[in-house]
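1. let's see this in three dimensions:
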Amino acid sequence: MVTAEGIRTLVPEKPFVPLRIYTILGQTYDITHPDLVLIGRTALHVGIASRRNPALFETVNRVAISGITEVKAIPIPPY
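-> Residues are numbered from 1 along each chain as shown. All right, here's what the predicted structure looks like:
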């Protein structure tokens, strides 16, 4: 079971590892920068990164923690 506390422990990892959230409805949300997620007790607010500055968001999605089935690291392509 995914919890707010479990997600909270993943976000501040150094170096930051981008994460993908999977929901029971089949949706996915990517956390591409640690500043783009706000973790609450029952929901996350996941920002969609701005093209000009990836640490700022253009829009925000609210994701109920009870609807999250899995959180995985996003593979980072080699340079």
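2. how about the strands in the protein?
-> Taking DSSP state E as the criterion, the chain carries its strands at 19-23, 28-31, 37-39, 43-49, 57-64, 68-73.
3. does anything pack onto the fifth one? Which helices or strands?
-> Contact analysis of strand 57-64 by 3 or more C-beta pairs under 8 Å, 6 or more residues apart in numbering; DSSP states H and E lists strand 43-49 as its packing neighbours. C-beta here means a position set from N, CA and C on the backbone, and glycine is covered the same way.
4. so which elements touch the strand it packs on?
-> strand 28-31, strand 37-39, strand 57-64.
5. which of the strands of the chain sits closest to P12?
-> strand 37-39 (10.6 Å; C-beta to C-beta).
6. could you give the mean pLDDT of the closest one?
-> Per-residue pLDDT over strand 37-39 has a mean of 95.
7. circling back: want to throw the strands of the chain into TSV with mean neighbour count and distance to T9?
-> As requested, those are exported to TSV (neighbours: other C-beta atoms under 10 Å; distance: least, C-beta to C-beta, whole Å):
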stretch	mean neighbour count	distance to T9
strand 19-23	18	11
strand 28-31	17	13
strand 37-39	17	10
strand 43-49	18	14
strand 57-64	13	17
strand 68-73	14	11
